[in-house]
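K.L.:
structure of the sequence below:
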Amino acid sequence: MKEAAVMEQNIKIKPAKIILTRAEGQIGVDSFDPTEAASFREADSILRKWALTAPKELGYDKVDFKVIFEDGEIYEGRYDLKYKDITEASLENHMKEFLRFLAGLSSSWMSEKQYTQFLEENETREPGERQACLDFLCRYDLGDKESENSHAHP
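P.N.:
Below you'll find the predicted structure:
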């Protein structure tokens, strides 16, 4: 019943908690303990701080993340942290871009032919993943327009 009301009103489910764990970095300088954030904005702030010790030129430091939504849904992934993220870190955009890519909505780095082939092959390997990504984008709050506008980076 609650689920139907949420879908009818087009109210997206918000994150309850975000856990970031730096998997790579400078030993003795960086913390590798899980760090909690209450919002994407707070998670981005943590990533920007961590970016100060990330690679400046080549490569990146891996950051594992887990977003736990208010309904208990869990999204896990990896963020590739670079020095430029001191101003550009955006976990919600990272998630949206990845989900949009798998959902067949966006590819800025593949030709249309390559992207279509990838989507067809991926549907064979992971049946239903494309639709699941579309559903996720529709159901969960990943920092849509309202929160993006209030999420200005310094």
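K.L.:
with Trp109 as the reference, measure out to the residue nearest to Asn122 when sequence neighbours are not counted.
P.N.:
Of all residues not flanking Asn122 in the chain, Glu129 sits nearest, at 6.4 Å (Cβ to Cβ, 6 or more residues apart in numbering). For every residue, glycine as well, the C-beta is placed using N, CA and C. To Trp109, Glu129 is 19 Å away according to Cβ to Cβ, to the nearest Å.
K.L.:
so for the two, which sits in the more crowded spot?
P.N.:
With neighbours defined as other Cβ atoms under 10 Å, Glu129 and Trp109 compare such that Glu129 has more, 14 against 7.
K.L.:
contact partners for that one?
P.N.:
Leu102, Asn122, Glu123 (Cβ atoms under 8 Å, 6 or more residues apart in numbering).
K.L.:
how about those residues in JSON lines, adding distance to Leu142, pLDDT and secondary structure?
P.N.:
Output for those, formatted as JSON lines (distance: Cβ to Cβ, whole Å; pLDDT from 0 to 100; DSSP: H, G, I helix; E, B strand; the rest coil):
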{"residue": "Leu102", "distance to Leu142": "14", "pLDDT": "94", "secondary structure": "helix"}
{"residue": "Asn122", "distance to Leu142": "21", "pLDDT": "92", "secondary structure": "helix"}
{"residue": "Glu123", "distance to Leu142": "23", "pLDDT": "94", "secondary structure": "helix"}
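K.L.:
ok, and the most crowded of the residues you listed?
P.N.:
Within the contacts of Glu129, most neighbours by other Cβ under 10 Å means Leu102, with 20 neighbours.
K.L.:
run a quick neighbour tally on the residue lying closest to it once chain neighbours are set aside.
P.N.:
Nearest residue to Leu102, sequence neighbours excluded (Cβ to Cβ, 6+ apart): Cys133, at 4.4 Å. Using other Cβ under 10 Å, Cys133 is surrounded by 19 other residues.
K.L.:
Cys133 belongs to a strand?
P.N.:
No. Secondary structure of Cys133 (DSSP: H, G, I helix; E, B strand; the rest coil): helix, not part of a strand.
K.L.:
any weak-confidence spans in the protein?
P.N.:
For the chain, the stretches flagged by pLDDT under 70 are 1-9, 144-154.
K.L.:
residues contacting the residue most central in space within it?
P.N.:
Nearest to the geometric centre of the chain sits Met95, at 2.4 Å (Cα atoms, centre = their mean). Contacts for Met95 (Cβ under 8 Å, 6+ apart) come out as Val67, Tyr75, Gly77, Leu142.
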